[in-house]
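[1] This is a predicted model, with the sequence first.
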Amino acid sequence: MGREMSENIHLLVVDDDREIRDLLTRYLTRHGYRVTAARDGQEMRKFLADRNIDLIVLDLMLPGEDGLALCRAVRAESGPPVVMLSAMGEDADRILGLEIGADDYLPKPFNPRELVARIKAVLRRSQAATPGGGPAAGAFFSFAGYMLDPAQRRLSAASGEEIALTAGEYELLLALVQRPRRVLSRDDLLEITRGRAAGPFDRSIDVQISRLRRKIESDPADPAIIKTVRSGGYIFSAEVGTP
């Protein structure tokens, strides 16, 4: 994503620390993004209502409504993608953030260049859903009674009911469906879906696998579609058809 393309992207930075807000605003603006900064959930909601926001950079610890509650509200309203920021030592909260729909997270302190890389990766995933992007119409996958349509980025059950997926869940499911009966490590899946290696305490893939199982497995505690391979990773065990 070049500078000329990023100039059309509007980011909303939400952090109660003025110094961090100003630093990120300056840095992201230098990289060609339009940036609006909010200090709390109230300002965030106002800007979301008044402006066309493409992605939210959301701090976990905020006065009033915290980042988890705000991320949950954004997801409930099918809002823009969220990259969550969290202080070191808040692993449980970061995992919970992914569970409620954050598209990625970055622990503080962080290198601003890493944040830009995460933003670009999340935007690539979300923008692939726009008309004209992604696989050709008519190309889709079927498995265990489900239909995955990459052109529309939609997952449907046998009943025709659409199953809501976050951008990260969709990318992970697509990676698995395209590689059935093959053991994929966490590093493999992170590289395929996000273009980066796992950190020593990175559990984002495990969290999203757990979320996917709750949505597609008849018994998430004893999965038959996405199975765990001890010391290996995961394997998509269902038979995949491409009608």
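    Ah, there it is.

[2] Now do the same contact list for the residue nearest to Arg72 when sequence neighbours are not counted.
    Nearest residue to Arg72 in three dimensions, chain neighbours excluded: Ile100, at 4.8 Å (C-beta to C-beta, 6 or more residues apart in numbering). For glycine as for every other residue, the C-beta is placed from the backbone atoms N, C-alpha and C. By C-beta atoms under 8 Å, 6 or more residues apart in numbering, the contact list for Ile100 reads Leu68, Cys71, Arg72, Arg75.

[3] Same check on Ile56?
    Ile56 touches Leu11, Leu12, Val14, Met44, Leu48, Val74, Gly79, Pro80, Pro81, Val82, Val83, counting by C-beta under 8 Å, 6+ apart.

[4] Would you check which pair of those residues lies furthest apart?
    The two members of the contacts of Ile56 with the most space between them (C-beta to C-beta) are Leu48 and Val83, at 15.2 Å.

[5] Touching whichever helix in the chain runs longest from outside, list them.
    Among the segments of the chain that qualify as a helix by DSSP state H, the longest is helix 112-127. Helix 112-127 is touched from outside by 1, 9, 11, 23-24, 27-28, 31, 33, 54-55, 57, 80-81, 83, 103-104, 106, 133, 167-168, 170-171, 193-196, with contacts defined as C-beta under 8 Å, 6+ apart.

[6] what's the next secondary structure element after that helix?
    Per DSSP states H and E, helix 112-127 leads on to strand 141-143 as the next helix or strand towards the C-terminus.

[7] and the next helix or strand after that next one, which strands flank it?
    As assigned by DSSP H and E, the chain's next helix or strand after strand 141-143 is strand 146-149. Neighbouring strands of strand 146-149 in its sheet, by DSSP bridges, are strand 141-143 (antiparallel), strand 154-156 (antiparallel).

[8] And for the first one, what's in contact with it?
    Pointing back at strand 141-143 there. The contact list for strand 141-143 (C-beta under 8 Å, 6+ apart) reads 147-148, 150, 177-178, 180, 225, 236, 238-243.
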